[in-house]
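> From the sequence below, what's the structure:
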Amino acid sequence: MSRWDIDPAGVRSVVTRTAAVAEAFEQQAGSYAAHLQGAAGACGSQLVGQALADFASHNQHAFAEVVGRTTRVLGGAVEATTAYLAGDLEMAERAQRNATRP
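So this is what the prediction gives:
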């Protein structure tokens with residue numbers, strides 16, 4: 001009897017836990033933006049305030065990409081596991097068909 005190389009329950013567990021953490025990224029990004037705006041307004045220096053605004057603007061895409069990339073990776077893990085399971089079932093069916101042939 002062969003062993004599974006992929007543990008579907010383990011994959012599900014990791015995907016579920018990672019998705020929960022990734023959801024917090026979006027909330028934290030919003031909080032980060034609000035705090036950065038507050039810091040820019042409270043710093044008392046137009047130059048520092050502008051630097052903070054420029055930093056936020058420059059890195060806005062990168063922060064959004066972290067969430068998007070995480071979502072794509074999790075989806076890929078689920079798709080790969082599903083394909084693996086389907087392939088394993090197909091191989092088992094083929095082996096059973098071949099075993100019943102004279």
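> Using the three-state scheme, assign the spatially most central residue of the chain.
In the chain, the centroid-proximal residue (CA atoms, centre = their mean) is residue 70; its distance is 2.2 Å. The three-state assignment at residue 70 reads helix, by DSSP: H, G, I helix; E, B strand; the rest coil.
> ok, which stretches of the protein are helices?
8-42, 46-100 (DSSP state H).
> Reformat the ones you listed as TSV; add mean pLDDT.
Output for the helices of the chain, formatted as TSV (pLDDT from 0 to 100):
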stretch	mean pLDDT
helix 8-42	87
helix 46-100	88
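> quick one on the thing from earlier: I'd guessed the residue nearest to the centre of the chain sits against residue 24; true?
No - with contacts counted by CB atoms under 8 Å, residue 70 stays clear of residue 24, the gap being 10.9 Å. The C-beta positions use only the backbone N, C-alpha and C, and glycine is treated the same way.
> re earlier: show me the contacts for the residue nearest to the centre of the chain.
By CB atoms under 8 Å, 6 or more residues apart in numbering, the contact set of residue 70 is 18, 22, 25.
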